[in-house]
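Student: Okay, here's the prediction I keep looking at, along with the sequence it came from:
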Amino acid sequence: MNNSECCDATLLNYNDGLGICSDCKEWAGQHKDDNMNKETLNKISALLSEARTLLDDMETTEHDDDIRENWIYQIETLETEIDSVLKTMNKETET
Ligand SMILES: [Zn+2]
């Protein structure tokens, strides 16, 4: 599959590693292998989960609790995003 490195969209007129990105219409190279990124994302995901556990266990005053809840919420949002990226990557390697 030839996807652009800029937008991960289909490359048009693909030839010899270069094509026109169907998304932004710029010349772009081919999307590189995602294995290293996947490994990094898995590490980040694990760290986020650890951070969330630490925040969960942290003792806070009532005032700080709002801040903590907000952080946990943001970490969960990030985790969800990373998970969906990882899922997409796994689908791509299966096909
Ligand atoms: Zn593009």
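Tutor: That came through, no problem. Numbering: from 1, shown residues only.

Student: what's the average pLDDT for stretch 81-94?
Tutor: Averaging pLDDT along stretch 81-94 gives 84.

Student: buried ones in it?
Tutor: Ile82, Leu86 (16 or more other Cβ atoms under 10 Å). In short, each C-beta sits where N, CA and C put it, glycine included.

Student: ok, now stretch 54-72?
Tutor: Quick answer for stretch 54-72 (16+ other Cβ under 10 Å): Ile72.

Student: what residues does it touch?
Tutor: With contacts defined as Cβ atoms under 8 Å, 6 or more residues apart in numbering, stretch 54-72 is touched by Arg52, Ile75.

Student: So what would you say the end-to-end distance of it is?
Tutor: 10 Å (Cα to Cα, to the nearest Å).

Student: chain center to that stretch, what's the gap?
Tutor: Centroid separation for stretch 54-72 versus its chain: 26 Å, with Cα atoms, centre = their mean, to the nearest Å.

Student: Kindly report the same for stretch 6-13.
Tutor: That offset, for stretch 6-13, works out to 18 Å (Cα atoms, centre = their mean).

Student: for that stretch, what is the average pLDDT?
Tutor: Model confidence over stretch 6-13 averages 91 on the pLDDT scale.

Student: For that stretch, buried residues please.
Tutor: Cys7, Ala9, Leu11.

Student: does the nearest residue to the second one once chain neighbours are set aside sit in a helix, a strand or a coil?
Tutor: In space, not counting the residues next to it along the chain, Ala9 is nearest to Asp23; the distance is 3.6 Å by Cβ to Cβ, 6 or more residues apart in numbering. Applying DSSP: H, G, I helix; E, B strand; the rest coil to Asp23 yields a three-state assignment of coil.

Student: Give me the pLDDT value at Asp23.
Tutor: For Asp23, the model assigns a pLDDT of 95.

Student: ok now do it, which residues does it touch?
Tutor: Contacts of Asp23 by Cβ under 8 Å, 6+ apart are Ser4, Cys6, Cys7, Ala9.

Student: Ok, Ala51 next?
Tutor: Ile75.

Student: From Asp66, how far off is it?
Tutor: 18 Å (Cβ to Cβ, to the nearest Å).

Student: try Glu5
Tutor: Note on Glu5: its distance to Asp66, by Cβ to Cβ, is 41 Å.

Student: All good on my end, thank you.
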